[in-house]
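[1] Build me a structure from this.
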Amino acid sequence: MIYITGDTHREFSRLDDFNGTKEDMLIILGDAGINYQLDFIDACIKEGLKKYKMKFFLVRGNHEERPENIPTYKEKEMFGGKVYVEDDYPHLIFAKDGEEYNIDGYNVLVIGGAYSVDKDYRLMHGYHWFKDEQLKPEEMQVIKDRVKGKHFDFVLTHTCPYKYEPVEVFLKGLDQSDVDKSMEHFLDEVEESIDYDKWYCGHYHTEKEVDKVEFMFQKVKKFGK
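    Presented below is the predicted three-dimensional model:
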């Protein structure tokens, strides 16, 4: 069985009642939090996730380093596309941004990354911030050219298209004019250029549905139609 959930930020208690098997897989829509400290703490969390038995399919968020920037990750072929996996943790599978996959018979597009509104706070207090958390313009263009006119059963992203931003959960007191919305505008262009049945995203720590877009956070649900 395949399941899907929103950001975990290295807190996985929502899975404690799961009786997972090696045949099961959980999709996390970014900010799993397992590549944030880049030290033994990450390794401890990755080891701890083995207790859930299942595999994890991870969309890249903005509170984690790109797996391709971490020497222990190798690019492999899986689900009909490229993924990043570490030899020590084969149960943790990071999607490659902009890649298309066949997951359980569904055609799935995955696009990770977002802007961190807490960037200044993290830098001020010595916490990690990752300079290429968002896609570069050239990466965006490659993805737009590749997916234009295609049909996808599911689109999995960390943030959402600009038109669907959940403004009601924006942080109070944060000047939105200071927030880089380039990822959201890019996803707007992608959304308008493709045909799709369902779009899942995380990032905003809220649960809501608008049109064919569903925002996920703590809820864990079955993936599929």
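[2] which secondary structure elements does the helix or strand hosting residue 192 contact?
    Assessed by DSSP states H and E, residue 192 sits inside helix 182-193. Counting contacts by 3 or more Cβ pairs under 8 Å, 6 or more residues apart in numbering; DSSP states H and E, helix 182-193 packs against helix 137-147, strand 151-157. For the C-beta atoms, the positions are set from N, CA and C on the backbone; glycine is no exception.
[3] For residue 62, what are phi and psi?
    The phi and psi torsions at residue 62 (degrees, to the nearest 10) take the values phi -110, psi 0.
[4] Report how many residues lie close to the closest residue to residue 9 other than its chain neighbours.
    In space, not counting the residues next to it along the chain, residue 9 is nearest to residue 33; the distance is 4.5 Å by Cβ to Cβ, 6 or more residues apart in numbering. A total of 20 residues lie near residue 33 under the criterion other Cβ atoms under 10 Å.
[5] For residue 33, what are phi and psi?
    For residue 33, the backbone dihedrals are phi 90, psi 10 (criterion: degrees, to the nearest 10).
[6] Was I right to think it contacts residue 41?
    No - because the distance of 9.9 Å does not satisfy Cβ atoms under 8 Å, residue 33 is recorded as not touching residue 41.
[7] distance of the closest residue to residue 86 other than its chain neighbours from residue 52?
    Sequence neighbours aside, residue 72 is the residue nearest to residue 86 in space, at 4.8 Å (criterion: Cβ to Cβ, 6+ apart). From residue 72 over to residue 52 the distance is 21 Å, taken as Cβ to Cβ, to the nearest Å.
[8] Thank you kindly, that will do.
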